[in-house]
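S.K.: give me a 3D structure for the following:
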Amino acid sequence: MTTHTWLILLFFFLIAVVIVWVFILDYQALVIVRERLETNMLAAGWAGFSSLSLEEIATRKDINILDMRNIILDKIVSEQTTRDYVIKNLKLFSDGRASANSYIADKARPVDIDVVIYNYNDVGNPYPYTSIVITVRVPFIMGPGGILKIYGEKTVVANYDTFLIQSQKE
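M.R.: Numbers count the residues shown, from 1 in each chain. This is a model prediction of the structure:
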């Protein structure tokens with residue numbers, strides 16, 4: 001092989017290394033965003049717990065009975081409160097796109113937000129407590145020149161268990 005061929009091979013090798021390095025850096029940024037998302041989503045979920053169903057609580061006779069201590073949420077108000085807090089915490093516009101102040105890099109595509117409220121006594125509730133399940137799908141741009149456009153999904157559950165876990169971390 002000639003020196004010219006080696007130089008061409010070295011050039012392509014260096015380009016490949018740079019492309020791989022860019023993807024590694026983008027992946028690390030994705031991990032950081034997912035951690036920030038979790039914190040913001042849990043805060044929004046706990047805000048949703050402010051929407052207690054006062055009518056349901058008023059019917060309780062004896063709070064010494066364990067079932068009478070469980071929280072019942074007004075699902076419509078709680079879902080809207082949680083969604084509003086996610087939008088505020090992520091600094092989104094009303095259409096779901098990230099504002100200039102948001103840490104979400106892809107400002108063009110919207111963030112998808114799903115909120116499901118399970119009261120402890122709901123049929124099909126997969127959790128032992130009243131829970132707010134938040135799923136957020138966030139657009140990411142990865143790779144050199146933003147050639148790869150993906151959505152990353154993060155789901156958190158705000159309930160008694162996650163509250164205890166978070167409070168023990170602090």
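S.K.: what's the separation between Glu55 and Asp161?
M.R.: In this structure, Glu55 and Asp161 are 26 Å apart, going by Cβ to Cβ, to the nearest Å. Heads up, the C-betas are built off the backbone N, CA and C, glycines and all.
S.K.: comparing the two, which residue is more hemmed in?
M.R.: Shown here are Glu55 and Asp161; by other Cβ atoms under 10 Å, Asp161 has more neighbours (13 against 9).
S.K.: quick one, what contacts that one?
M.R.: 127, 129 (Cβ atoms under 8 Å, 6 or more residues apart in numbering).
S.K.: what about it, which helix or strand?
M.R.: helix 160-169 (DSSP states H and E).
S.K.: so Phe49 makes contact with Ser131?
M.R.: No. Between Phe49 and Ser131 there is no contact under Cβ atoms under 8 Å: 9.9 Å.
S.K.: hey, what's in contact with both of the two?
M.R.: With Cβ under 8 Å, 6+ apart as the test, Phe49 and Ser131 both reach Ala158.
S.K.: who's more crowded, these two?
M.R.: Higher neighbour count among Phe49 and Ser131: Ser131, with 24 against 20, using other Cβ under 10 Å.
S.K.: next, count neighbours for the closest residue to Ala47 other than its chain neighbours.
M.R.: Closest residue in space to Ala47, ignoring its immediate chain neighbours: Tyr85 at 4.4 Å, by Cβ to Cβ, 6 or more residues apart in numbering. By other Cβ under 10 Å, 21 other residues sit near Tyr85.
S.K.: likewise for Val115?
M.R.: With other Cβ under 10 Å as criterion, Val115 counts 22.
S.K.: before we move on, what about Asn121?
M.R.: Number of residues near Asn121 (other Cβ under 10 Å) recorded here: 11.
S.K.: that one belongs to a helix?
M.R.: No. Using DSSP: H, G, I helix; E, B strand; the rest coil, the assignment for Asn121 is coil, not a helix.
S.K.: could you measure from Tyr85 over to Ala44?
M.R.: Tyr85 is 4 Å from Ala44, by Cβ to Cβ.
S.K.: what is the mean pLDDT for stretch 118-128?
M.R.: What stretch 118-128 shows for mean pLDDT is 87.
S.K.: now do stretch 39-58
M.R.: The model assigns stretch 39-58 a mean pLDDT of 79.
S.K.: list the buried ones in it?
M.R.: Within stretch 39-58, the residues scored as buried using 16 or more other Cβ atoms under 10 Å are 40-49, 51, 53.
S.K.: try stretch 72-80
M.R.: Going by 16+ other Cβ under 10 Å, stretch 72-80 has these buried residues: 72-75, 78-79.
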